[in-house]
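Enquirer: Provided below for reference: sequence and predicted model.
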Amino acid sequence: MWLLVAREPRPDARYWAGRRWLAALDAVAWPLMAVLLIQLAPQPVGIVGPMVLALAVLFALGRLHRAIWLNHRYWFTTWRWGRIAVWLMVVGWVLKLALPH
C-alpha cells in the first residue's frame, strides 16, 4: 500500500534590493566549491573529476537560472548550510574551552 502526503508549497521568498545578484553569487559558488575540492584532491580522481565538473556546471546553470529569473523561488544555500557550520564551530569551541589540555 502506498501512502502519499501532499505538502503545501513553500511561500515565495521576499524580495529586497541586491537579492538577485547575491542569489546569483550563491548559486554559482557552491558548485564551484565542489569543482575546487575535486581539483585539489591529494590523489588522482580518475573519471570522477570530469563527471563532477560536468554535473557542477549543469547544477550551476540550473541554480543560476532560478536565482536570476525565478528569484522568488530561490532559497540561499549558504544561509541553510552556513547556520549548521556555524553551530558546529561553536560546539567545537565550547568543547575546546571545556576540556582540559
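Expert: Now that the structure is in, tell me what you want to look at.
Enquirer: can you give me the helices in this protein?
Expert: 19-39, 48-69, 77-98 (DSSP state H).
Enquirer: I'd like to know which elements the last one is packed against.
Expert: Using 3 or more C-beta pairs under 8 Å, 6 or more residues apart in numbering; DSSP states H and E as the contact criterion, the neighbours of helix 77-98 among helices and strands are helix 19-39. (Each C-beta comes from the backbone N, C-alpha and C, glycine too.)
Enquirer: how about the helix it packs on: buried residues?
Expert: 19, 23, 24, 26, 27, 28, 31, 35, 38 (16 or more other C-beta atoms under 10 Å).
Enquirer: let me know the closest of those residues to residue 53.
Expert: Checking those against residue 53 with C-beta to C-beta, the nearest one is residue 35 at 5.7 Å.
Enquirer: isn't the closest one right next to residue 51, touching?
Expert: No. Checked against C-beta atoms under 8 Å, the pair residue 35 and residue 51 is beyond contact range at 11.3 Å.
Enquirer: between the helices of the chain, which one is nearest to residue 3?
Expert: Per C-beta to C-beta, nearest to residue 3 of the helices of the chain: helix 77-98, 27.7 Å.
Enquirer: so what touches the closest one?
Expert: 26, 27, 29, 30 (C-beta atoms under 8 Å, 6 or more residues apart in numbering).
Enquirer: could you rerun that using 6 Å?
Expert: Outside helix 77-98, the residues that touch it by C-beta atoms under 6 Å, 6 or more residues apart in numbering are 26, 30.
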